[in-house]
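>>> What follows is a predicted protein model with its sequence.
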Amino acid sequence: MPWQDILPEDDYRFYKENISLLEDQVMQKFSEGQTDPGIVSAVRNVPRHFFVHQGYKKLAYTDNAFPTSHGLTTSAPSVIAKIIYYSGAKRGDRVLEIGTGTGYQAAVLAEMGMHVFSIEIDKGLVRTANTILVNLGYKPDIGNKHIQRRYNLVKTRFPGRGDIRLFYGNGTRGLPEYAPFKAIIIAASLSYLKPLTDLIGQLSIHRGRLVVPVGDRTAQQMYIVENRNRKIIAYSVEGILFQFVRLILPDAAVDPAGGKKGEV
C-alpha cells in the first residue's frame, strides 16, 4: 500500500488493521457498489481516522457519521458512496462540492481521480480540512514551497489520484469562474430547489448532475437535477433518506463569509 511510506508507523498500522472492516460495512449498505467498485476502492484508500475527531478515532472505521463542530457531522461512508454514485462523476471529471466538512468526501473523490473544487462556509472547518488534506498530500499548501515538494512526492505514490482545491465562503453561488462541472454535490439540505439556480447554471450541458438532499429538517430525499443539453430535469431517488443540516443561503441573516470566496 502506498500509505506505508507516508503515514507514521502507528497510523499506518491502525489504518491497515481496520480498513477492511469499513469496506465490508459499506458494501452491506451500498449495494450499488457491485456495479461501481471504484467508489468502494476509493473509500478503502482513504485513512478515515484522520478526518474524524480524535475522540472517535477507535470508531473511525465503522460506517457511522460523527460530530465535527457547531452541530455539523461528517457523513457515514456508505452515504457518501451513494451520493457519489448518483452524481455520475467519473475519473477526470470536474466536481464541485458544497460543504467540505473535514475533507473526507473530497478525499474519496480525489482517490477516484476527479478534479475537486470544494467550498466550506465554516472557517474552523476550513482550517481543519486544509490541515488534514495538506498533511495527507491531497492538496498543496499555497505559498509553502516545502509542502509543495512533499505534495509532488506523494503524488508520485498515487498516480491515479485527482486534485483538490479548497475555498472558504458561501457555496450557494458556486464557482462560475471554474464551471462547467460534471457533478455538483451539496452536503446540506434544502426544503425546495429554487435557491439553486446559480449552481444549476454551472452544470455541464452533457448530463451534468447536481445531487442535493431535499425535504424538512428531520428527513430528506435525494434529488438529482440534470442538465441534458440545456434541458433541466429534476427527479428524486426513492428509498434514500438523509438528515443533513440546512444549507446557508446568501441572503440569510448569518453569512460568515460575507458571500465572498477565497482559495485556501
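Sure thing, it's come through. Numbers count the residues shown, from 1 in each chain.
>>> okay, CA-based contacts and neighbour counts for the rest of this
OK.
>>> burial count for R207?
When counting by other C-alpha atoms under 10 Å, one arrives at 19 neighbours for R207.
>>> my guess is it is in a strand, correct?
Yes. R207: assigned to a strand according to DSSP: H, G, I helix; E, B strand; the rest coil.
>>> pLDDT at it, what is it?
Reading off the confidence values, R207 has pLDDT 96.
>>> same deal with the one 5 residues further on?
According to the predicted model, the pLDDT of V212 comes to 96.
>>> just A253 next, same as before
pLDDT at A253 comes out at 40.
>>> What of L153?
Confidence score, pLDDT, at L153: 85.
>>> what helix or strand is S236 on?
Taking DSSP states H and E as the definition, S236 sits inside strand 231-242.
>>> Only C-alpha atoms, please: export the lengthiest helix in the chain in PDB.
Using DSSP state H to define each element, the chain has its longest helix at helix 9-29. What follows is helix 9-29, C-alpha atoms only, in PDB (Å, rounded to 0.1, in the frame of the first residue of the first chain):
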ATOM      1  CA  GLU A   9       4.000   3.700  11.700                       C
ATOM      2  CA  ASP A  10       1.300   3.600  14.300                       C
ATOM      3  CA  ASP A  11      -1.200   5.400  12.000                       C
ATOM      4  CA  TYR A  12      -0.400   3.100   9.100                       C
ATOM      5  CA  ARG A  13      -0.900   0.000  11.300                       C
ATOM      6  CA  PHE A  14      -4.200   1.300  12.600                       C
ATOM      7  CA  TYR A  15      -5.400   2.000   9.100                       C
ATOM      8  CA  LYS A  16      -4.300  -1.300   7.700                       C
ATOM      9  CA  GLU A  17      -5.800  -3.300  10.600                       C
ATOM     10  CA  ASN A  18      -9.200  -1.600  10.300                       C
ATOM     11  CA  ILE A  19      -9.900  -0.600   6.800                       C
ATOM     12  CA  SER A  20     -11.300  -4.000   5.700                       C
ATOM     13  CA  LEU A  21     -14.000  -3.600   8.400                       C
ATOM     14  CA  LEU A  22     -15.200  -0.300   6.900                       C
ATOM     15  CA  GLU A  23     -15.100  -1.700   3.400                       C
ATOM     16  CA  ASP A  24     -17.300  -4.700   4.500                       C
ATOM     17  CA  GLN A  25     -19.800  -2.400   6.200                       C
ATOM     18  CA  VAL A  26     -20.000   0.000   3.200                       C
ATOM     19  CA  MET A  27     -20.700  -2.900   0.900                       C
ATOM     20  CA  GLN A  28     -23.500  -4.100   3.100                       C
ATOM     21  CA  LYS A  29     -25.400  -0.800   2.800                       C
END
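>>> What is the distance between that helix and the centre of its chain?
Averaging C-alpha positions (C-alpha atoms, centre = their mean, to the nearest Å) puts helix 9-29 19 Å from its chain's average.
>>> What residues of the helix or strand following it count as buried?
Downstream of helix 9-29, the next assigned helix or strand under DSSP H and E is helix 37-45. Neighbour-count burial for helix 37-45, counted by 16 or more other C-alpha atoms under 10 Å, picks out G38, I39, V40, A42, V43, R44, N45.
>>> returning to that earlier point: in the longest helix of the chain, what counts as buried?
Buried-residue list, helix 9-29, by 16+ other C-alpha under 10 Å: D11, Y12, Y15, K16, N18, I19, L22, E23, Q25, V26, M27.
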